[in-house]
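J.: Below are the sequence and a predicted model; questions follow.
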Amino acid sequence: MDIGKREISTVELGLIGTAVKALRKRFLANVLAATTIALGVGASTAVFTVANAVLLRPLPYKDPNRIVIASMDLRKRDVRNVRFSFANLADLRDQTKSTFEDFAGVETTQRAIVQTENGTPEQISVAGVTPNFFRLLGANIAYGRDFSDQDGLPQPPRSLWTAPQTPPLPYIGILSYEYFVRRYGGNPAILGHPAFPLGQPGPIIVGVLAPGFKLYFPPEDGIDATPDVWAATRSRYDRDGESIYVVGKLRHGVPLEEAQASADVVAARIREVCPFCATAGFSLRIQLIRQQLAAAVRPAILALLGSGIFLLLIAYANVTNLALVSLSVRERELAVRAALGATCWRLLRSLIVEAVLLAGTGAVAGLMLAAIAIRSLRTFGPADIPRLDTARIDFHVLGFAALAAFIVVIVVVLAPAWRISRSELMDSLHRASQHAGLSRSSSLRKSVVVLEIALAFVLLIGSGLMFRSFLVLQRIDPGFDSHGLLTFQVLGVNRDQNSLEKRAALIQEIRQQLQAIPGVQSVTGCDRFPLAGGFFGVVRWGTDEALSDASKYQEADQEEVLPGYFETMHIPVLEGRTFTDADNVPGRKLLIVDEFLAKKAFPGQSAVGKRILVHIRTPDVEWVQVIGVVQHVRATSLAEPGREQIYITGGFEEAGIVDSWAARITGQPVQYEQAVRAAVKGVDSTLLVTGILPADALIDEAQTTTRFTLLLIGSFGMIAGLLAGIGIYGVLSSAVRQRTAEIGIRVALGAKKRQILELVLNEGFRLMLIGLSIGLAGGFVLTRLMSAILVGTKPADPLTFVSIAGLFFLIAASAAILPAMRASSLDPADILRHE
């Protein structure tokens with residue numbers, strides 16, 4: 001060895017060898033202990049890894065703890081996260097300079113289709129941002145330059161009826177590094193040229209982002225984390241067109257509370273000049289981006305983390321129980337060694353080495369289990385958990401696992417250390433039999449088992465509540481029939497931005513070709529499907545009273561649909577009629593509303609034939625007639641019904657842009673994928689068909705987070721129940737050994753087998769009842785923390801509590817029956833002869 005390196009002494013090698021031999025003597029018990037440690041450490045480490053990635057790890061931006069998301073809410077309308085107009089963004093930026101360095105905006109990511117050099121269509125994602133966006137986040141530019149303020153100057157005003165007096169300003173873009181390499185082979189020659197030279201007009205590329213840049217926004221905002229192209233917005237700064245999400249950056253040393261107060265002042269000024277804002281409870285909300293990013297999934301992640309910690313505590317309790325059994329068995333051995341001159345430290349040192357080997361083995365196995373679990377979670381986890389793909393075992397995770405293993409060492413050594421330090425070992429030499437020694441620790445072991453039962457009961461209660469929520473989700477009517485429905489996107493329909501007639505003709509031809517496929521009953525299209533990103537926009541509406549009082553205007557979700565939409569989606573029509581092809585023109589001022597809006601606008605009356613004011617396509621509101629009322633559809637979530645809904649035709653908005661399509665099929669929808677692609681390609685080979693999925697997949701996706709949480713908490717609960725059963729079995733088996741002489745005397749005096757069975761079973765049920773009582777009290781308190789992730793289920797659901805209590809009765813009975821049968825089969829003659 002090199003000088004300075006400490007050699008391992010013979011004594012230390014001897015300690016390790018002795019510890020290995022001692023562990024091998026109780027091989028099965030120590031395998032059980034190591035397995036318990038592995039399960040506890042593995043489960044808790046896997047969940048901590050997810051929590052670390054989603055909730056704790058800083059975002060990859062410059063000064064991430066100063067970056068915030070600004071949101072607009074209408075508190076009195078129960079509407080949150082309304083997108084900003086550019087004028088609102090300017091107000092917030094200009095009136096809060098003392099607390100914020102800057103604000104920037106990003107628009108919802110759009111899917112576009114372009115042609116590659118070989119003529120094949122390609123789908124790309126495009127995000128619009130304000131010119132200061134990358135500077136605020138601290139993104140690096142690999143080639144070219146960043147956006148300048150001139151790149152975001154608004155376009156000159158133009159009329160729909162006259163030719164433009166000046167040519168439009170070109171849009172400026174920046175490529176993601178990944179798209180730059182994939183499409184252009186990493187050749188900087190693209191700089192200064194349009195991004196899509198062979199397809200629709202694209203922005204002039206002035207830069208390329210550094211590799212790995214990702215945009216982290218709440219999943220419900222519909223913003224792609226890795227857009228292929230970033231374009232500087234040239235929107236005019238008016239109050240209309242709420243289309244952007246806003247990020248800001250706090251000044252150094254400014255607390256979040258002070259920043260929120262400055263935003264409140266801005267909101268108050270807006271309420272003073274906007275009657276609608278005043279009555280709707282307009283407010284501005286400032287939150288750290290890290291908190292807002294995971295706000296929707298934070299309750300589920302914390303519930304999982306709590307479940308993992310509970311399972312780890314149960315594992316500790318189980319290992320403690322096994323350690324106490326080991327101590328009882330080895331008490332005489334340790335006493336003999338002490339009598340022969342072994343010091344307390346020497347005795348403890350050998351026990352510590354054994355504990356380290358045991359904990360180390362269990363922790364390593366637990367890390368291996370955690371690595372497998374993390375890989376599975378990244379692959380099969382819900383798409384709406386942000387940054388789940390970044391979950392990995394890093395130094396923080398290793399530190400957590402090491403701490404968990406260290407606590408195991410303490411748990412295993414603590415009881416022996418306490419006994420040795422109190423000089424109780426020598427007393428064991430004077431005891432008459434082994435069972436006397438066992439009795440010393442029996443009460444402590446029973447207490448540990450009671451704790452196991454209480455913790456496992458709480459964990460299983462959480463599993464039961466999640467299962468009940470999942471059953472409720474299964475029974476919720478989404479408002480449309482997903483069975484036999486095939487959904488897909490057709491991109492490229494809107495490439496001719498200046499010709500409504502050409503788009504309408506192309507859409508009609510696509511419908512006809514799809515309708516001609518054998519087995520297709522009907523075909524329709526819309527902006528977005530329910531449960532696939534929500535409705536496309538928000539529209540302001542009102543009745544007669546809104547003409548004299550602007551505060552009476554309200555907001556509803558808006559969906560643009562093709563005729564036949566409700567028939568194809570099987571959305572029930574409650575009153576009136578649906579759209580026809582004759583309605584799909586600009587001159588027809590007609591719309592369809594859902595039952596919620598009909599009841600709110602015309603309580604106790606029929607809405608059909610009535611008129612409402614809407615602000616959709618004109619600078620001012622206009623009267624539009626209601627021709628039908630349909631059932632409400634759950635657009636964004638099965639768990640929440642959402643707000644009122646308005647349906648219009650593409651012709652009404654003079655846009656005619658339809659990306660999402662659906663076909664009602666007689667057979668299995670998945671079998672029609674190739675036929676759909678061929679039909680669309682037959683219309684125009686430059687169109688791109690993507691995202692072909694049965695509509696049932698939309699329902700499944702809406703249940704993913706609940707299913708994911710149920711699977712993990714349920715798995716933890718099953719393991720906890722198993723460990724609690726093992727604990728009950730261990731205590732009762734030990735009690736039988738401890739009371740062997742007593743059982744022999746009872747049998748010799750005439751006790752029947754049934755009485756011996758009852759003696760042991762009653763002990764098990766007594767422990768169970770004490771543990772359940774404690775767990776019941778804890779469950780009533782702790783399950784209230786789960787209320788945010790439960791659907792249609794109360795935290796104190798009596799059916800769940802009773803069911804889990806019944807399950808624990810079965811667990812306790814199963815764990816107690818073997819020791820009880822062993823006790824009832826003892827031969828009193830053999831017992832008394834041995835004694």
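T.: On my side now, so go ahead.

J.: helix, strand or coil for Val493?
T.: Classification of Val493 by DSSP: H, G, I helix; E, B strand; the rest coil places it in coil.

J.: shaky segments in the stretch 701-835 of the chain?
T.: 735, 737-751, 823-835 (pLDDT under 70).

J.: now do 50
T.: For the stretch 701-835 of the chain, not a single residue meets the criterion pLDDT under 50.

J.: Mind jotting down where the helices sit in it?
T.: 704-738, 740-748, 753-782, 798-824, 828-834 (DSSP state H, counting those that start in this stretch).

J.: Domains of the protein: list them as residue ranges, please.
T.: Here the domain parsing of the chain from automatic domain parsing is 15-54+297-475+704-834, 66-293, 485-701.

J.: re earlier: can you say which of the helices of the stretch 701-835 of the chain is packed in most?
T.: helix 704-738 (a mean of 22; mean count of other Cβ atoms under 10 Å). Using the backbone N, CA and C atoms, a C-beta is placed for each residue, glycine as well.

J.: Quick one: list the elements packing against that helix.
T.: helix 27-51, helix 298-339, helix 434-475, helix 753-782, helix 798-824 (3 or more Cβ pairs under 8 Å, 6 or more residues apart in numbering; DSSP states H and E).

J.: Any idea which of the ones you listed gets closest to Asp700?
T.: helix 434-475 (10.6 Å; Cβ to Cβ).

J.: For Glu559, list the residues it contacts.
T.: When contacts are counted by Cβ atoms under 8 Å, 6 or more residues apart in numbering, Glu559 touches 526-528, 535-536, 635, 645-648.

J.: any idea which helix or strand carries it?
T.: Assigned by DSSP states H and E, Glu559 belongs to strand 554-561.

J.: pLDDT (mean, whole number) over that strand?
T.: Averaged across strand 554-561, pLDDT comes to 87.

J.: and the next helix or strand after that strand, what other elements does it pack with?
T.: As assigned by DSSP H and E, the chain's next helix or strand after strand 554-561 is helix 565-569. Packing contacts for helix 565-569, counted by 3+ Cβ pairs under 8 Å, 6+ apart, involve strand 520-526, strand 660-665.

J.: Out of these, which is the most enclosed?
T.: strand 660-665 (a mean of 24).

J.: Identify the residues contacting that strand?
T.: Strand 660-665 is contacted from outside by 484-490, 510, 514, 517, 519-529, 532, 568-570, 669, 672, 676, 695, using Cβ under 8 Å, 6+ apart.

J.: Work out for me the element Val206 sits within.
T.: Going by DSSP H and E, Val206 is in strand 204-209.

J.: That strand - what's its average pLDDT?
T.: On average, strand 204-209 scores 95.

J.: how distant is that strand from the center of its chain?
T.: Centre-to-centre, strand 204-209 and its host chain are 34 Å apart (Cα atoms, centre = their mean, to the nearest Å).

J.: how about it: buried residues?
T.: 204-209 (16 or more other Cβ atoms under 10 Å).

J.: now the helices for the stretch 501-650 of the chain?
T.: 545-548, 565-569, 595-601.

J.: closest to Phe310 out of these?
T.: Set against Phe310 and scored by Cβ to Cβ, the helices of the stretch 501-650 of the chain come closest in helix 595-601, at 40.7 Å.

J.: what distance separates the closest one from the middle of the whole chain?
T.: For helix 595-601, the separation from the chain centroid amounts to 33 Å (computed by Cα atoms, centre = their mean).

J.: residues in contact with that helix?
T.: Contacts for helix 595-601 (Cβ under 8 Å, 6+ apart): 541, 543, 554, 556, 574-575, 593, 607, 610, 612, 626, 629-632, 641, 643-646.

J.: same thing with stretch 20-32?
T.: Under Cβ under 8 Å, 6+ apart, the answer for stretch 20-32 is 322, 325-326, 329, 350, 354, 357-358, 726.

J.: Which stretches in the stretch 151-300 of the chain count as helices?
T.: So, for the stretch 151-300 of the chain - with DSSP H, counting those that start in this stretch - the helices run 177-184, 256-273, 275-280, 289-293, 298-339.

J.: Could you save the ones you listed as a markdown table and add columns showing mean pLDDT and mean neighbour count?
T.: Below are these laid out as a markdown table (pLDDT from 0 to 100; neighbours: other Cβ atoms under 10 Å):
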| stretch | mean pLDDT | mean neighbour count |
| --- | --- | --- |
| helix 177-184 | 92 | 18 |
| helix 256-273 | 92 | 15 |
| helix 275-280 | 78 | 18 |
| helix 289-293 | 89 | 20 |
| helix 298-339 | 79 | 22 |
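
J.: does Phe488 count as helix, strand or coil?
T.: When classified by three-state DSSP, Phe488 comes out as strand.

J.: Chain neighbours aside, what residue packs nearest to it?
T.: Ile692 (4.3 Å; Cβ to Cβ, 6 or more residues apart in numbering).

J.: give me the number of residues near the one you found?
T.: Neighbours of Ile692 under the rule other Cβ atoms under 10 Å: 18.
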